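Participant: Show me how the following folds:
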Amino acid sequence: MVEEVKGVRLNKHLADMGLASRRGAEPLIVGGKVKVNGQVVTELSTRIDPAKDKVELMAGALTQAGPAGYMLNKPVGYVTTKGEEEGPAIWDLLPPPAAAMSYAGRLDKDSRGLVLMLADGRISHAITAPESHLEKEYEVACDLEPTEQQLAKMAKGMNLKDGPTRPCRVEPMGGKRFRIIITEGRNRQIRRMCERVGLDVRDLRRVRVGPMRMGSIAEGQWREMTPRDAESLREAAGMKAGKA
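Facilitator: Coordinates of the predicted model:
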């Protein structure tokens, strides 16, 4: 009988925390930049119990030369979470340094628009943490023209299987399109909200995350983020200036 392996691989846990991709976490571990319960750990095979063990990065672990991140205009069909959905990954569209970065908020395979890849994963974590109230703006096209009542129900907040949604801003864009600005980011949240009021989403496009707007970036293309961009995100996420 094979003994069950317990715990979570340390590199996976760092990725789950949004501090680095799994691949990007490996050099941090080997380089002695990660502590578990106050002790430096350098073995890639290390497993931890997320409920009991305290994992932290050494000061300056994520400081590096190069861009602060990338802003990608993700096309439909690409996945942001390897292993959860089938299809080409967004990293295929990005330059090699992005492999060591973490994304700030996933977009499902059927959605498109702005994805942020950040060199400092602690910003990603602050943006996507449940307590975060950072705005994310989307443009939505449905099968039917939404009524004032349907939009009002979504704006007020509604009960989904994983709990009530926060109130949000919703406004018509004409025809079957509307704009929605939410301050949370649950799995397929907007699609589920629309379904709840009898609408079927045909196109979902994220155009803004906090202060970062997609602007003129063409679909499938990217631009580098500057240190000032990263600082703007820190401020918007409520992080102290100059600290991760």
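Participant: how near is the residue nearest to the spatial centre of the chain to residue 74?
Facilitator: Nearest to the centroid of the C-alpha atoms of the chain, with distances taken as Cα atoms, centre = their mean, sits residue 105, at 1.3 Å. Distance of residue 105 to residue 74, computed by Cβ to Cβ, to the nearest Å: 11 Å. For every residue, glycine as well, the C-beta is placed using N, CA and C.
Participant: returning to that earlier point: show the contacting residues for the residue nearest to the centre of the chain.
Facilitator: Residues in contact with residue 105 (Cβ atoms under 8 Å, 6 or more residues apart in numbering) are 115-116, 127-128, 136, 185, 209.
Participant: Turn those residues into JSON lines, columns for secondary structure.
Facilitator: Output for the contacts of residue 105, formatted as JSON lines (DSSP: H, G, I helix; E, B strand; the rest coil):
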{"residue": "115", "secondary structure": "strand"}
{"residue": "116", "secondary structure": "strand"}
{"residue": "127", "secondary structure": "helix"}
{"residue": "128", "secondary structure": "helix"}
{"residue": "136", "secondary structure": "strand"}
{"residue": "185", "secondary structure": "coil"}
{"residue": "209", "secondary structure": "strand"}
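Participant: circling back to that earlier point, give the residues shared as contacts by residue 105 and residue 74.
Facilitator: residue 115.
Participant: Residue 223 pairs with what?
Facilitator: residue 71 (DSSP bridges).
Participant: Check residue 163 too.
Facilitator: residue 160.
Participant: Can you select the buried ones among the contacts of residue 105 for me in ChimeraX?
Facilitator: To isolate the buried members of the contacts of residue 105 in ChimeraX, using 16 or more other Cβ atoms under 10 Å:
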select :115,116,127,128,136,185,209
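Participant: So residue 50 sits against residue 8, correct?
Facilitator: Yes - the pair residue 50 / residue 8 is scored as a contact, 6.0 Å apart, by Cβ atoms under 8 Å.
Participant: neighbour-wise, which of the two wins?
Facilitator: Between residue 50 and residue 8, residue 8 has the larger neighbour count (other Cβ atoms under 10 Å), namely 16 against 13.
Participant: Residue 219: which of the contacts of residue 105 is nearest?
Facilitator: Ranked by distance to residue 219 (Cβ to Cβ), the contacts of residue 105 are led by residue 115 at 11.9 Å.
Participant: quick one, domains of the protein?
Facilitator: Domains of the chain are assigned by automatic domain parsing as 8-57, 69-130+211-236, 136-209.
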